[in-house]
Each structure stands twice: as C-alpha cells, then as structure tokens.
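> Using only what follows, build the 3D model:
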Amino acid sequence: MDYMKDWPEPIVRVQSLSESGITTIPERYIKPASLRPEIGTPCSKDLSIPVIDLSGLKQDQPSCNSTMQAISDAVREWGFLQVVNHGVSPALMKKAREDWRNFFHLPMEEKHKYANSPKTYEGYGSRLGIEKGAILDWGDYYFLHLLPKSLKDPNKWPSLPPSIKDIIEEYGKEVVKLCERLMKAMSVSLGVDEEYLQRAFGGEDVGVCMRTNYYPKCPQPELTLGLSAHSDPGGMTVLLVDDRVQGLQVRKDKVWVTIKPVPDAFIVNVGDQIQVLSNAIYKSVEHRVMVNANEERISIAFFYNPRSDLLIGPAPELVTPDRPALYQPMTYDDYRLFIRKQGPQGKSLKST
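Model prediction:
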C-alpha cells in the first residue's frame, strides 16, 4: 500500500455512527484507560488561559509594549491565549461557523464528493494518521489549502452552501492579517527584529491551511476524545470555536485546563515550528478535544506555517553558551511527513 494514496482500511464517518442511534461506541474509538477524559491526567476548574485585548497594538507606545508583554508571557507560560479586538469582523466569524455547520448537515452523498486521501488530506475526512488498526478519534473534518497558491485547488472546496467559497476566501484573508500582526509582536518579545519570524517562515511565501472540525454527539463521551492529545506541528494556529459548547483542553503542567470561550474571540497557540525558532522560549503545548453526549460541536482551525522546504532551526540570536541550540534544523515538509504517519500522539517535538 502507498500510504500517500490510500487509507489503510475503509473509512467510517463518525457523523453516520452518531446519527444511527447507537448507544455504545465501536471499540475502534475507545481510548486506553489512562487517556480517557475522566480517568487519566486530572483536570483543573480554577485555571484559565490569558485573554488579551489586541487593540493595544494600535495605541500609544506604553499600551503597545504592555500588550506585547502580555502576549509574550502567555506563549512562554501557556503556549495559548485568547485574543479579542483582533480586527476580524464578528459577523464574518459567525457566518463562517454557520456555513460550515450547514455543510456538515448536508446529505452524506454530497459530502462524499469531497472525500480525501492521505496524499494531501484536502477535502472531507474522518481520520488522521495512516496506521492500520489505530484507535480513532470521534470526529469528522474538512481540510483545505489556502496558500501557497500552487497548492490551492478550488475543485476541493465545497460548493454548498452557496456562500461558503466566498466566506472561506474572505475569512482566510482576514486571519492572515491577524497572524502577521501576532508574528511581529512575538518576534519583538523574543528580542529579535519584528520581521524575524515572518522571514524564517518564508516572508510572504508562507503556508496557510484550515481544518474545520465537526464533533458529533457521542453516546459515551467518557470513553473517547474528539481529537487526541497533541501539539500542533506547524507554526501558529488561530482557532474559532463553537461558543455554545466547551470542548478544548490544554495541558498546563500536570493538569488539563478546559478553555472557556470568550465571545468573538480567537484562541491562538504556537506550534512546534515556533518552539524550534525560539529555542524553546515559546512553548508548543499539548491539547485535546472532549466530546459531548447532548451537543455537536464545530471549530475552525487556521494554520499559519513556514514554507515547507525551508530549514527551521533556533534563531542564532537565541543560542548562547548558557542556552545552546536545542534542535537540529529540519524542513517543515520532513517534520510534517513524520507527523502524518503517526497521527496525533502527544508531544512529538523532542530537543537534542
């Protein structure tokens, strides 16, 4: 079998399982006891990730400095933050969620027109990783490339609901602008020039993709996960969550923290590539997704990544005798291939 062309076994849509009326989930979705939501690592109800108002980046210097310090503190300590007043229209955010929810409510035969393969993952999917017999997550998704333009294939974009293509285009352009602002703020907070991270990613020649996740109702949510614990392999993730239902959890030290969504906010986290570039000053942190017995859940993950053929290694300015380089340079293509083979499995990035 060529793992770049074929899934190792027939694909089952989780949404179909959920809507079939089953009262117990198939064994393929049952996690080992140590990884189950209510048995493994304890959860904390007292902690919450920082919420940062980005309007300060447009204001006078003291306010701007204060905002950048808050961003720096969040990605050093948590790897995650929520941002408000970020410049993306709340109406656009709402419309993006609505259109994607409507897509997943289309008849299955319509969605199957866009069924994906492991070659690019682009299209409608129901599993990550190509390991035969693997324990699966309780969720379906739709994956799309937006940049570079050479990877963008309009034929892979859904045509229903009628407005969805235009919404994806507009949403993508606005979130790219947000990512560029955050990259500058994080660069300055590292003590390098404001364009450093953007240059390391390839300047304007970055990789941008998005994955809309659909987590159907689950009759036994205590036995499975919508998305297994993992750190994001790419550069930075901007996540729009379903503000009706909580589900995302972040590992903080030795506990899981459930993120409480703020209205009209994005959840932002740094990925493995920024951890490498910062020589582990900024942290790419494990997170996972819970599912719900009574509610479905939608989230839109927007991935801002380095150009795939560039070597990514610690910034020279951040390597000192007291803090030597913790990682060997590797292209994002090579790193992504490693992740693609195994699927989401904990914290993949290891220092040398």
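> Strands of the stretch 51-200 of the chain, residue ranges please.
51-53, 80-84, 123-125, 140-147 (DSSP state E, counting those that start in this stretch).
> who does the last one pair up with?
Based on DSSP bridges, the pairing partners of strand 140-147 within the sheet are strand 123-125 (antiparallel), strand 207-215 (antiparallel).
> Point out the most buried one among those.
strand 207-215 (a mean of 24; mean count of other Cβ atoms under 10 Å). (C-beta placed from N, C-alpha, C; glycine too.)
> centre of the chain versus it, how much separation?
Remark: strand 207-215 is offset 7 Å from the chain centroid, using Cα atoms, centre = their mean, to the nearest Å.
> and it, C-alpha only, in PDB?
The C-alpha trace of strand 207-215 is given here as PDB (Å, rounded to 0.1, in the frame of the first residue of the first chain):
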ATOM      1  CA  GLY A 207       1.800  28.000   4.000                       C
ATOM      2  CA  VAL A 208      -1.800  28.500   5.100                       C
ATOM      3  CA  CYS A 209      -4.400  25.800   5.500                       C
ATOM      4  CA  MET A 210      -7.500  25.300   7.600                       C
ATOM      5  CA  ARG A 211      -9.300  22.400   9.100                       C
ATOM      6  CA  THR A 212     -12.900  22.600  10.100                       C
ATOM      7  CA  ASN A 213     -13.700  20.000  12.800                       C
ATOM      8  CA  TYR A 214     -17.100  18.500  13.300                       C
ATOM      9  CA  TYR A 215     -17.600  16.600  16.600                       C
END
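> Looking at the strands of the stretch 51-200 of the chain, which is nearest to residue 105?
strand 140-147 (11.8 Å; Cβ to Cβ).
> So for that closest one, mean pLDDT?
Per-residue pLDDT values over strand 140-147 give a mean of 97.
> just to revisit the earlier point, would JSON lines of the strands of the stretch 51-200 of the chain with distance to residue 179 be doable?
Output for the strands of the stretch 51-200 of the chain, formatted as JSON lines (distance: least, Cβ to Cβ, whole Å):
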{"stretch": "strand 51-53", "distance to residue 179": "15"}
{"stretch": "strand 80-84", "distance to residue 179": "11"}
{"stretch": "strand 123-125", "distance to residue 179": "24"}
{"stretch": "strand 140-147", "distance to residue 179": "11"}
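> what's the closest of those strands to residue 295?
Nearest to residue 295 among the strands of the stretch 51-200 of the chain is strand 140-147; the distance by Cβ to Cβ comes to 15.5 Å.
> SS state for the closest residue in space to residue 267 that isn't next to it in sequence?
Leaving aside its sequence neighbours, residue 267 sits nearest to residue 239 (Cβ to Cβ, 6 or more residues apart in numbering; 4.3 Å). When classified by DSSP: H, G, I helix; E, B strand; the rest coil, residue 239 comes out as strand.
> Also residue 28?
Using three-state DSSP, the secondary structure recorded for residue 28 is helix.
> Wait, it touches residue 138, no?
No: if you go by Cβ atoms under 8 Å, residue 28 and residue 138 don't touch, sitting 10.1 Å apart.
> Mind checking which of those two has more residues around it?
Shown here are residue 28 and residue 138; by other Cβ atoms under 10 Å, residue 138 has more neighbours (26 against 14).
> Can you give me the distance of that one to residue 12?
11 Å (Cβ to Cβ, to the nearest Å).
> Phi and psi next, for residue 312.
phi -110, psi 120 (degrees, to the nearest 10).
> show me the contacts for it.
Contacts of residue 312 were listed using Cβ atoms under 8 Å, 6 or more residues apart in numbering, and they are 200, 273, 276-277, 306, 329-332, 335.
> Of those, keep whichever come out buried.
Buried by 16 or more other Cβ atoms under 10 Å: 200, 273, 276-277, 306, 332, 335, out of the contacts of residue 312.
> thought residue 26 was touching residue 17?
Yes: here residue 26 lies in contact with residue 17, judged by Cβ under 8 Å, at a distance of 7.0 Å.
> Between those two, point out the one with more neighbours.
The neighbour count for residue 26 versus residue 17, taken as other Cβ under 10 Å, is higher for residue 17 (19 against 12).
> mind listing what's buried in stretch 296-311?
296-308, 310.
> then that stretch to PDB, C-alphas only?
Provided in PDB are the C-alpha atoms of stretch 296-311 (Å, rounded to 0.1, in the frame of the first residue of the first chain):
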ATOM      1  CA  GLU A 296     -22.500  18.600  18.400                       C
ATOM      2  CA  ARG A 297     -19.500  21.000  18.200                       C
ATOM      3  CA  ILE A 298     -17.800  22.900  15.400                       C
ATOM      4  CA  SER A 299     -14.400  24.500  15.300                       C
ATOM      5  CA  ILE A 300     -12.300  26.100  12.600                       C
ATOM      6  CA  ALA A 301      -8.600  25.700  13.000                       C
ATOM      7  CA  PHE A 302      -6.400  28.100  10.800                       C
ATOM      8  CA  PHE A 303      -2.800  27.000  10.500                       C
ATOM      9  CA  TYR A 304      -0.100  29.600   9.600                       C
ATOM     10  CA  ASN A 305       3.000  27.600   8.700                       C
ATOM     11  CA  PRO A 306       6.600  28.000   7.300                       C
ATOM     12  CA  ARG A 307       7.300  27.400   3.700                       C
ATOM     13  CA  SER A 308       7.600  23.700   3.600                       C
ATOM     14  CA  ASP A 309      11.100  23.400   2.100                       C
ATOM     15  CA  LEU A 310      12.900  25.900   4.400                       C
ATOM     16  CA  LEU A 311      15.200  24.600   7.100                       C
END
